[in-house]
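Q: Got a predicted structure plus its sequence, pasted below:
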Amino acid sequence: MLWENLTVKQFEEAVLFSERVCVLPIGCLEKHGDHLPIGTDMMIARSVSEKASHLEPFVIFPYYFFAQVSEVRHFAGTVAVGSDIQMKLLREVVKEIRRNGFDKILLANGHGGNNHWLRYFAQSMLDERRDYMVYIYDLWELSAEQHAYLENHFETPGDYGHADHMETSEILHINPSLVHMDRLNPREWDPMGRGRWMSEEKLFAGIHWYTEYPNQIAGNPSLSNAEYGKTYLDFCAANLAKAVKRIKEDGTALKLQTEFYDRCDEVSKIR
């Protein structure tokens, strides 16, 4: 159920039919090599969410691309708003989703650059009392069995990262007219090794991704094909649907969150 396609009456019915679960797919706008569209992560996140909603009903929030992507500001087409705006905007959007009747909100992450940010955002939900839950889910995660199936049924390069075999195959399935394999620059996806020392010392710096992959491609996409992409997307959708089903069935998380807030209030009463 796409939020933007519903009439007001249909929306009211959808809130109840979805058991008050709303999924917000988050991608970004950034370069994906020279062969994929800037909106790749956004398209994949939306596609997975739509497929999953047919397996386990939920409402899908419209396209959201105000993500953490500061490390790609050196390429045209990137939209990288400031970190303070990212937090404030997402916080307000989540509040609006709650005001519209949903108390279980899942942020479906389609962009690796969001990993740390979204988890921090979820933890920041404990800053003040709320009567809704925010969950974070990385859409690309597969089980060992699903990975094995893909490796056994398709020819793959075995290395993944960004604008790679996986993402390229997915876009080949979603909209092949947006993929330009003739624009690939061979070996451009190899790490440059300039930041290896940081990894060896378990260090992290904001410039780390740029030091290794300044061209925004990591992992060989040359063997990509639409059938692999469809299978991968189907696996991701099934996994998301399973996660949503568990969210619906859970009756403890919200209660425990309220218990947490109550205990926080008790601390302030110590004399």
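A: Done, it's in.
Q: Tell me the first helix or strand C-terminal of the biggest helix by length in the chain.
A: Looking across the chain with DSSP state H, the single longest helix is helix 226-249. The element immediately downstream of helix 226-249 (helix or strand, assigned by DSSP states H and E) is helix 253-267.
Q: buried sites along that following helix?
A: Along helix 253-267, these residues count as buried under the neighbour rule (16 or more other CB atoms under 10 Å): residue 257. The way it works is simple: take the backbone N, C-alpha and C, and place the C-beta from them, glycine included.
Q: In contact with residue 150: list those residues for me.
A: Counting by CB atoms under 8 Å, 6 or more residues apart in numbering, residue 150 touches 142, 156, 228, 231-232, 235.
Q: Emit the PyMOL select command for whichever of these are buried.
A: Only the buried entries of the contacts of residue 150 go into this PyMOL selection, using 16+ other CB under 10 Å:
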select buried, resi 142+156+228+231+232+235
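Q: State the pair within the contacts of residue 150 that is farthest apart.
A: 156 and 235 (14.0 Å; CB to CB).
Q: Work out which residue lies at the spatial centre of this structure.
A: Closest residue to the average C-alpha location of the chain: residue 109 at 1.3 Å, with CA atoms, centre = their mean.
Q: Bridged to that one, which residues?
A: According to DSSP bridges, residue 26, residue 138 are recorded as the beta-bridge partners of residue 109.
Q: In the chain, what residue spans correspond to helices?
A: Assignment of helices within the chain using DSSP H yields the ranges 8-17, 40-55, 83-99, 115-124, 144-153, 165-174, 196-200, 208-212, 226-249, 253-267.
Q: what does the last one contact?
A: Residues outside helix 253-267 that contact it (CB under 8 Å, 6+ apart): 103-104, 126, 129-133.
Q: Do me a favour and average the pLDDT over it.
A: In this model, helix 253-267 has a mean pLDDT of 93.
Q: Noted, bye for now.
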